[in-house]
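Student: whatever this is, show me its structure:
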Amino acid sequence: MNSKHRKPLPGTVHDYFDAREAVEAIRSGAWDRLSYTARIHAENLVRCCDPALLDDCLRQIVERRRDLDFPWFPARVVCHDILGQTALVDLAGLRDAIADQGGDPAAVNPVVPTQLIVDHSL
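Tutor: Residues are numbered from 1 along each chain as shown. Have a look, this model is predicted:
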């Protein structure tokens, strides 16, 4: 977690991540020119990105470059039934393989909270 741009929210016990400040440190006035989607991505990076990579990742957003791969840290994943089935089969296969090797299959879980949406009536 990046703590450089973490600030206390006045009047509360909560903190927030100042993505505007982080982007403005790269280029003055850049925040106001970013699309809403780019702002969300910048905030995600400020919250979760390795501090050593943060400036390069934000610079890529500000300059609208595409030459670097940079991290994305989703808060959750929502799988529709078709993709969710594939994910469940993959998890079951991994758990079987771990169990066959003497490991604990319960240790194999998604890193990101995941919801499976099934929209079929039974």
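
Student: C-alpha from now on. contacts and neighbour counts both.
Tutor: OK.

Student: element containing the residue most central in space within the chain?
Tutor: Among the residues of the chain, the one closest to the centroid is Phe73, at 1.2 Å (C-alpha atoms, centre = their mean). Using DSSP states H and E, Phe73 sits in no helix or strand.

Student: for it, grab phi and psi.
Tutor: For Phe73, the backbone dihedrals are phi -120, psi 80 (criterion: degrees, to the nearest 10).

Student: just to check, it is in contact with Glu43?
Tutor: No: judged on C-alpha atoms under 8 Å, Phe73 makes no contact with Glu43 at a distance of 10.5 Å.

Student: distance of the residue nearest to the centre of the chain relative to Val111?
Tutor: Counting by C-alpha to C-alpha, to the nearest Å, the separation of Phe73 from Val111 is 10 Å.

Student: elements contacting the top helix by length along the chain?
Tutor: Criterion DSSP state H: the longest helix present in the chain is helix 81-100. Other helices and strands packing on helix 81-100, by 3 or more C-alpha pairs under 8 Å, 6 or more residues apart in numbering; DSSP states H and E, are strand 114-117.
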